[in-house]
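[1] Structure, please.
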Amino acid sequence: MSKANASAYQTIKTQIVTGQFPPGMRLKEDELTVICAVSRTPVREALRRLASEGLVTLNPNQGAQVSTIGVKDLVDLYELRALVESYAAGRAATRVSSQDIEQLEALTTDMEANAGESQAATQAFAQANTAFHRVILNAAENARLLTIAQVVIEPPLALRTFSRYSAEERQRSIRHHREMIAAFKAQDAAWASAVMAGHIHAASHVLTRED
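    Numbers count the residues shown, from 1 in each chain. Down below sits the predicted model:
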């Protein structure tokens, strides 16, 4: 993938998963070229890749738009996510490096520093959370697991973001992260897997509730 393609992909994806591009929003190529500071070709390639991941829907007559996901589909995805990420956490517990643990601690500290409910804090909180989970998936050392995780983790985030979390729910998420770090330090696969499963199920209840 060229540098321009990668940059366009990451820029658009970040806008989607942080809620800056909400579900159903039309994605106009001319506007995206300005936002991404690239030509149309990298934007088109990025949209095709995001469509393959379920984050974007490509309609022949209407162009691209951010995907929308029904509550039932969201519940189904979170059930899969709990299975995938709890398995990943269990694998990671016996493979995680000291550098990985330092990174997880730093990212959790970032979340604590951005636990407020402003738009900027929510975006920073979400980015640190995504990076936290990515460290664990990478530490699991299973390339196919990464591919599966990409499909079941990111589409739900395109629909429901951390803006739905109350202050108490953000603190609970942080506590889960701290407990996962403790499980990794203990190299306890069962503990890490159980905490991750509970963490994902808690998120599911927040993100699927009716406001």
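[2] Go through this protein and flag its longest helix.
    In the chain, ranked by residue count with DSSP state H as the criterion, the top helix is helix 71-93.
[3] who touches that one?
    Under the contact criterion Cβ atoms under 8 Å, 6 or more residues apart in numbering, helix 71-93 has outside partners 69, 100, 133, 136-137, 139-142, 145, 148-149, 152-153, 155-156, 159-160, 180, 183-184, 186-197, 200-201, 203-204, 207-208. Quick note: C-beta positions are derived from backbone N, CA and C, even for glycine.
[4] Quick check: mean pLDDT of that helix?
    Helix 71-93 carries an average pLDDT of 90.
[5] That one: which residues count as buried?
    Within helix 71-93, the residues that count as buried by 16 or more other Cβ atoms under 10 Å are 74-75, 77-78, 80-82, 84-93.
[6] can you give me how far that helix is from the chain middle?
    Helix 71-93 sits 12 Å away from the centroid of its parent chain (Cα atoms, centre = their mean, to the nearest Å).
[7] next structured bit after that helix?
    helix 98-113 (DSSP states H and E).
[8] and residue 57, backbone torsions?
    For residue 57, the backbone dihedrals (degrees, to the nearest 10) come out as phi -110, psi 130.
[9] count of residues packed around it?
    For residue 57, the neighbour count with other Cβ atoms under 10 Å is 18.
[10] what's near enough to touch it?
    Per Cβ under 8 Å, 6+ apart, neighbours of residue 57: 51, 64-68.
[11] Restricted to buried residues, select those in ChimeraX.
    Remark: buried members of these, expressed as a ChimeraX selection using 16+ other Cβ under 10 Å:
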select :64,65,66,67
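[12] Turn the contacts of residue 57 into CSV, columns for distance to residue 44 and secondary structure.
    Shown next, in CSV, are the contacts of residue 57 (distance: Cβ to Cβ, whole Å; DSSP: H, G, I helix; E, B strand; the rest coil):
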residue, distance to residue 44, secondary structure
51, 11, helix
64, 9, strand
65, 15, strand
66, 16, strand
67, 17, coil
68, 21, coil
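[13] and of the contacts of residue 57, the nearest to residue 127?
    Of all those, residue 66 has the smallest distance to residue 127: 17.9 Å, by Cβ to Cβ.
[14] got a list of what the closest one touches?
    By Cβ under 8 Å, 6+ apart, the neighbours of residue 66 are 16, 21-25, 27, 55-57, 158.
[15] Report the buried members of these.
    With neighbours counted by 16+ other Cβ under 10 Å, the contacts of residue 66 contain buried members at 16, 21, 23, 27, 55-57, 158.
[16] is it possible to export those residues to TSV including distance to residue 106 and pLDDT?
    As requested, these are exported to TSV (distance: Cβ to Cβ, whole Å; pLDDT from 0 to 100):
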residue	distance to residue 106	pLDDT
16	25	83
21	28	87
23	31	83
27	33	96
55	27	84
56	31	91
57	36	92
158	26	49
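[17] If anything else comes up later, I'll come back, but that's it for now.
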